[in-house]
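Q: What follows is a predicted protein model with its sequence.
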Amino acid sequence: MDWKVSKKQWSWIKRLWIAGAVVIVVAGVLGGLRGCREKRLWDEMHEAGKALYRSGQFAEAEERFEASLNMSEDFFEPQDSRVFNSLYNLGLAHEAQGEYSVAKGLYERAITVGEQVFGADNPAILHPLCSLATLHYDDGKYRIAQSLFERSLAIQVEAADVERRHVAMTLNCLGLCFDAQSMDGEAELSYKRAITIYEEIGASHDPELVITLINLAGLYKEACLWSKAIPPYERAAAIQEQTLGLGHADLGTTLGNLAFLQHKLLEYHKAEDLYQRALQVLETSLGIEHPRVRSLVRNYTVLLRTMGRNEEAESLEARVSR
């Protein structure tokens, strides 16, 4: 069984970009004033949209961002940063409501305006670039997503004021794009570069590092490189134990992957110990009927039968199927 969690992790990464964007991008340069009153009206409307977005009231936030976009287009020049901010945050509100096609169009417009306002290589356009890339990835358009993330990476590498953590995140995203296209060598290189950055900036216990370690391990696992997959899974599990606790379901998932790998390497006793630990964690945290638990049990019973312990396998299967 493969519990590669790239899809779950991808959503987490996308939320992180969004959370940063609402705060950081809106705080960008304001230009082309045509009066204090117009600026104040736009600020009030946009701030209201931001507050509603943060509180999860996405439809109401959409209304405020739509109004702020209309104001920015009426009050200011077409190449004004307020047009850029309104377009991008309106896109976020539509995406949060599942209106992905609308969001894509708004992100594309924000990129175009941002290029005119800030320049094609300015870090200000990173957020709409990455948000657009994630939507293309989710649509299965991996080559387009790859191209957008590559452009983002090039901007980040050249910019002096971009956090290296964000560079690592983009490299992880690129790795996912390469992985989805079976470009294993490129994916491996991207993941390893991201891991190196996390290590260099002292983020050796951060959730983002765990994500990249698991994605690298999953890449090896899918290629049947069992021995190579074990070290990144073990490292991820050690971090999860320290940061999430011994009873967290994500740790149980990683332990299940390690059990599977030891099983494949014919290390049956190591595999059994790991299956038992994973089962205890997942059954306690998720319940016996959860799909992850059932998948783990299927693999564990295969191991038990391989070891000639058919009765134990049948007993475990019966417990799960009650």
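A: Structure received.

Q: tell me the domain boundaries of the protein?
A: 1-157, 163-243, 247-322 (automatic domain parsing).

Q: For these, give me CSV that also has mean pLDDT and mean neighbour count.
A: (C-beta placed from N, C-alpha, C; glycine too.) As requested, the domains of the chain are exported to CSV (pLDDT from 0 to 100; neighbours: other Cβ atoms under 10 Å):
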stretch, mean pLDDT, mean neighbour count
domain 1-157, 82, 19
domain 163-243, 94, 19
domain 247-322, 93, 18
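
Q: How far off centre is stretch 201-210?
A: 14 Å (Cα atoms, centre = their mean, to the nearest Å).

Q: Would you mind measuring the gap between the ends of that stretch?
A: Separation of the first and last residues of stretch 201-210 by Cα to Cα, to the nearest Å is 15 Å.

Q: Other residues contacting that stretch?
A: The contact list for stretch 201-210 (Cβ atoms under 8 Å, 6 or more residues apart in numbering) reads 12-13, 164-165, 168-169, 172, 195, 198, 236, 239-240, 242-243.

Q: now the end-to-end length of stretch 171-189.
A: 9 Å.

Q: From what I see, Q79 and G114 are in contact.
A: No. In this structure Q79 lies outside contact range of G114 using Cβ atoms under 8 Å: 9.6 Å.

Q: Check the gap between the spatially closest residue to L282 that is not a sequence neighbour and L126 for me.
A: Take L282 and drop its neighbours on the chain: the residue closest to it by Cβ to Cβ, 6 or more residues apart in numbering is G252, 3.9 Å away. Using Cβ to Cβ, to the nearest Å, G252 is found at 35 Å from L126.

Q: Number of residues surrounding E158?
A: 10 (other Cβ atoms under 10 Å).

Q: got the contact list for it?
A: Taking Cβ under 8 Å, 6+ apart as the definition, contacts of E158 comprise D121.

Q: And L153, by the same measure?
A: 167, 170-171, 174.

Q: Could you do N310 as well?
A: Per Cβ under 8 Å, 6+ apart, neighbours of N310: L304.

Q: Can you report phi and psi for it?
A: phi -60, psi -40 (degrees, to the nearest 10).

Q: That one and A318, how far apart?
A: In terms of Cβ to Cβ, N310 sits 12 Å off from A318.

Q: and what of T284?
A: Looking at T284 against A318, where the rule is Cβ to Cβ, the gap reads 19 Å.

Q: circling back: how would you label the residue nearest to L282: helix, strand or coil?
A: helix (DSSP: H, G, I helix; E, B strand; the rest coil).

Q: picking that back up, out of the contacts of stretch 201-210, which are inside strands?
A: Residues of the contacts of stretch 201-210 located in strands (DSSP state E): none.
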